[in-house]
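>>> fold the following, please.
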Amino acid sequence: MEPKNPVARTERGEIRPEPAAMLGELTDILQDPTTGEHIVWSGQGFERGNSGAPVSMTDGIPSLFAPNDASFQGDVTELVKAFYEETPFPNYDGFDSRASLMDKARKGVFAALLDEQLPKDALVLEAGCGTGQLSNFLGMSWRRRVVAGDMCLNSLRLAKRFADTYSVRNVGFMQFNLFRPPFRDESFDVIVSNGVLHHTGDCEGGFRALLSKLKPGGYFVMGLYNALGRLPTLWKRGLFRTFGPSLYFLDHRLSDWHREPERVKAWFMDQYRHPHETRHSMSEVLDWFERYGVDFVNGIPHLDGSAFESRESLFAPHAAGSRLSRTMTELNMLAGGGKDGGLFIMIGRKR
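I've put the predicted structure just below:
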């Protein structure tokens, strides 16, 4: 299905990547992550304001990726980057229009609520956007602007190709390292990093680096693997490694292997073959919030054990519960088989 508005194509009929025009409107917040030099938009590309040195562009995607310092202990950036360059996650199998992506996103309660409840005119950063499905979905609305970044170019190419093909105008994609984000401090109204920080060498440090780019009063939405809720996935990982495909029925998402092989392969690799992950507790994240001046707002599931409603107000304050209630909630995640890979979401507001 072709988009309503024709897109630019090469002589061979391929989609021609459009310049990063939306990002060009946001140069007041862009800076070189190494030197701090202001980044400006020339109309065709980005350049460093003082030196005039151009910012590297690949297929219309600006790269402000700066590697971690040599002193970074336990850095797994290149290991994880190589993994996702080979296996972008998630892919776009089955999405042949804006409507198909919107339908999929709205079936997920979290994405639907986020779309409905993000503050009007918010500037949103998705750090670790992968192939950009959430950012493209959120960027379909004119009520916000979305900056989406990842370290993997192959993932970003898929994201931007979809945006260019289906005229998603309120999203801009760029390559960067979330430990060295190329933005001025206190630039964003909302930062989303869902299922990302647990694949880094320093989850807390990544949170701290991104938090500096959030405005006071802004919301940080973070999804992490739970220490208890993740256990069923780890058990299945061991069984799959030992017994192979004969036990793939233990994960219903693997049942479409023959019908949608690329989509299923992406899920399998991300959940069962990933080279690095860490797991965390709700109480641990609450400690981070307190340490860095963030007030707890909400969690999925609720930290006090109360039911999460489909019409939930994501940004209305909820109880953080007690350490016992949080442990009981995590045990319920374990007992429920580690749905969605044992991921939990925490929302905080920067003081």
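
>>> name the single longest strand found in the chain.
In the chain, with assignment by DSSP state E, the single longest strand is strand 214-225.

>>> is it true that Phe137 touches Ala99?
No. Applying Cβ atoms under 8 Å, one finds Phe137 not in contact with Ala99, separated by 11.3 Å. For glycine as for every other residue, the C-beta is placed from the backbone atoms N, C-alpha and C.

>>> in terms of neighbours, single out the busier of these two.
Phe137 (23 against 11; other Cβ atoms under 10 Å).

>>> need the contact list for the more buried one.
Leu101, Met102, Ala105, Ala111, Asp115 (Cβ atoms under 8 Å, 6 or more residues apart in numbering).

>>> so among the residues you listed, where is pLDDT lowest?
Across the set of the contacts of Phe137, Ala105 stands lowest in pLDDT, at 86.

>>> that residue looks like it's in a helix, true?
Yes. Counting by DSSP: H, G, I helix; E, B strand; the rest coil, Ala105 falls inside a helix.

>>> and it, how far from Gly132?
With distances taken as Cβ to Cβ, to the nearest Å, Ala105 is found 12 Å from Gly132.

>>> please apply the same query to Tyr92.
Relative to Gly132, Tyr92 is positioned 9 Å away (Cβ to Cβ).

>>> give the pairing partners of the strand or helix carrying Ile347; include direction for each.
Per DSSP states H and E: Ile347 is located in strand 343-350. Its sheet considered, strand 343-350 pairs with strand 214-225 (antiparallel), strand 294-300 (antiparallel) by DSSP bridges.

>>> quick one on the thing from earlier: quick one, which of Ala105 and Gly132 is more surrounded?
Each of Ala105 and Gly132 has its neighbours counted (other Cβ under 10 Å); Gly132 has more, 30 against 20.

>>> so the more buried one makes contact with Arg157?
No. Counting by Cβ under 8 Å, Gly132 stays clear of Arg157, with 9.8 Å between them.

>>> and for those two, which residues touch both?
When Cβ under 8 Å, 6+ apart defines a contact, no residue borders Gly132 and Arg157 alike.

>>> for Thr87, see how far away the residue nearest the centre of the chain is.
The C-alpha lying nearest the average C-alpha coordinate of the chain belongs to Cys129 (Cα atoms, centre = their mean; 3.5 Å). Taking Cβ to Cβ as the measure, Cys129 falls 16 Å from Thr87.

>>> for the spatially closest residue to Arg241 that is not a sequence neighbour, give its distance to Gly201.
Using Cβ to Cβ, 6 or more residues apart in numbering and skipping residues adjacent in sequence, the residue nearest Arg241 is Tyr272, 7.9 Å away. Relative to Gly201, Tyr272 is positioned 21 Å away (Cβ to Cβ).

>>> distance from the chain centre to the strand holding Ile347, please.
Mean C-alpha position of strand 343-350 versus that of the full chain (Cα atoms, centre = their mean, to the nearest Å) differs by 13 Å.

>>> and if you look at stretch 307-327?
When distances are taken as Cα atoms, centre = their mean, stretch 307-327 is centred 22 Å away from the chain's centroid.

>>> kindly check the end-to-end length of it for me.
15 Å (Cα to Cα, to the nearest Å).

>>> likewise for stretch 245-252?
Terminal residues of stretch 245-252 lie 13 Å apart, using Cα to Cα.

>>> not counting that stretch itself, show me its contacts.
By Cβ under 8 Å, 6+ apart, stretch 245-252 touches Lys236, Leu239, Phe240, Leu254, Ser255, Trp257, Gln271.

>>> out of those, which one has the weakest pLDDT?
Trp257 (80).
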